[in-house]
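> Build me a model:
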Amino acid sequence: MRLSNLADYAVVAMTAAARRCGGGRVSAGELAAETGLPAPTVAKLVSKLTAAGLLRSMRGAHGGLQLARPAAAITIADIVEAVEGPIALTACVEGDSCALDHDCTVRAHWPVVNEAVRGALAGITLTQLVSTREIA
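The predicted structure is shown next:
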């Protein structure tokens, strides 16, 4: 399993936003500059993350982006799902058809696997990602 580039970039952008925002605001341009992501990609991410309720966008002279919730209340799972949709390792779990559908003996087990992966991602918050200490 591998995250899409967009999901990876969303985690990077949200981590930068958490580091920069605190109680203040940051612009999409500042996020692009800090992360090295292209401005159009950041704009696309901001749109998705705002729609998911993870970022709040304010217009005007004192506008900008702000975390919609405290960093401790936003997880990697929240961010990935905002960009990719529900976490599912196989298409059959999402209701898509499969050539093995009629004889599949493992389909019933995939939701358990998916929930374990989602649980692992849900266990890591932006606060942890912003932490400067090295992970062993």
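> Tell me the residue in the protein that is farthest from the middle.
Distance to the chain centre peaks in the chain at Asp103, reaching 34.7 Å (criterion: Cα atoms, centre = their mean).
> Now the element after the strand or helix carrying Ala17, going C-ward?
Secondary structure assignment for Ala17, by DSSP states H and E: helix 5-21. Next helix or strand after helix 5-21 toward the C-terminus (DSSP H and E): helix 28-35.
> Show me the beta-bridge partners of Val26.
Here Val26 sits in beta bridges with Leu65, going by DSSP bridges.
> Let me see the ranges of the helices in the chain.
5-21, 28-35, 39-51, 76-84, 110-122, 126-130 (DSSP state H).
> Can you name every helix or strand that the first one contacts?
Other helices and strands packing on helix 5-21, by 3 or more Cβ pairs under 8 Å, 6 or more residues apart in numbering; DSSP states H and E, are helix 28-35, helix 39-51, strand 64-67, helix 76-84, helix 126-130. Every residue, glycine included, has its C-beta placed from N, CA and C.
> ok, the spatially most central residue of the chain to Gly85 distance?
Closest to where the C-alpha atoms of the chain average out (Cα atoms, centre = their mean) is Ile79, at 1.7 Å. According to Cβ to Cβ, to the nearest Å, Ile79 stands 12 Å off from Gly85.
> And for Arg107?
With Cβ to Cβ as the criterion, Arg107 and Gly85 are 19 Å apart.
> do the same with Val113
Taking Cβ to Cβ, one finds Val113 at 17 Å from Gly85.
> same thing with Gly119?
17 Å.
> now Ala33
29 Å.
> same thing with Glu115?
15 Å.
> Repeat that for Ala39.
Using Cβ to Cβ, one obtains 25 Å as the distance from Ala39 to Gly85.
> I appreciate the help and will end here.
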